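A.B. asks: Have a look at this prediction, sequence included:
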Amino acid sequence: MAEYIVRFDLRENFLSPLILLNCLNKFDITVRLKGGGNMGQVEAARLGLSKALQRYEPNHRPALKKGGFLTTDSRQVRPKRAGQPKAVKKHRWVKR
């Protein structure tokens, strides 16, 4: 993991559910990620890890929920509009 997640803050963000539950060295974790940036991948992996910990031990749910580890980021990419350069950006209006 240290060779893939280089930044220390992202690595700590990913391992935070394990640190919260005091089971850092208890599990061997393998994660496959695709798309997005570093932060998005780390947060997606953290959500998957939290859900796996909840399924492994249902008693961990209140602690994970209180820590905010079971919350999904609901932001999505907006689709491009026809006749415009991007989803929100518009062509500049020219009088002449």
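C.D. replies: Here it is on my side, so go on.
A.B. asks: Please report how far the residue sitting nearest the centre point of the chain lies from residue 50.
C.D. replies: Central residue of the chain (Cα atoms, centre = their mean): residue 43, 1.9 Å from the mean position. Per Cβ to Cβ, to the nearest Å, residue 43 is found 10 Å from residue 50. The C-beta positions use only the backbone N, C-alpha and C, and glycine is treated the same way.
A.B. asks: Where does the prediction get shaky in the chain?
C.D. replies: 1-2 (pLDDT under 70).
A.B. asks: For the top helix by length along it, name the packing helices and strands.
C.D. replies: Ranked by residue count and defined by DSSP state H, the top helix of the chain is helix 38-56. Using 3 or more Cβ pairs under 8 Å, 6 or more residues apart in numbering; DSSP states H and E, the elements in contact with helix 38-56 are helix 8-20, helix 61-67.
A.B. asks: export those to a markdown table and tack on distance to residue 39 and mean neighbour count?
C.D. replies: Formatted as a markdown table, the helices and strands packed on helix 38-56 follow (distance: least, Cβ to Cβ, whole Å; neighbours: other Cβ atoms under 10 Å):
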| stretch | distance to residue 39 | mean neighbour count |
| --- | --- | --- |
| helix 8-20 | 7 | 16 |
| helix 61-67 | 18 | 14 |
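A.B. asks: could I get those helices as TSV with distance to residue 91?
C.D. replies: Formatted as TSV, the helices and strands packed on helix 38-56 follow (distance: least, Cβ to Cβ, whole Å):
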stretch	distance to residue 91
helix 8-20	38
helix 61-67	45
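A.B. asks: mind checking which of the ones you listed is nearest residue 83?
C.D. replies: Residue 83 lies closest to helix 8-20 among those, at 39.1 Å (Cβ to Cβ).
A.B. asks: Identify the residues contacting residue 70.
C.D. replies: By Cβ atoms under 8 Å, 6 or more residues apart in numbering, the contact set of residue 70 is 47, 50-51, 54, 61, 64.
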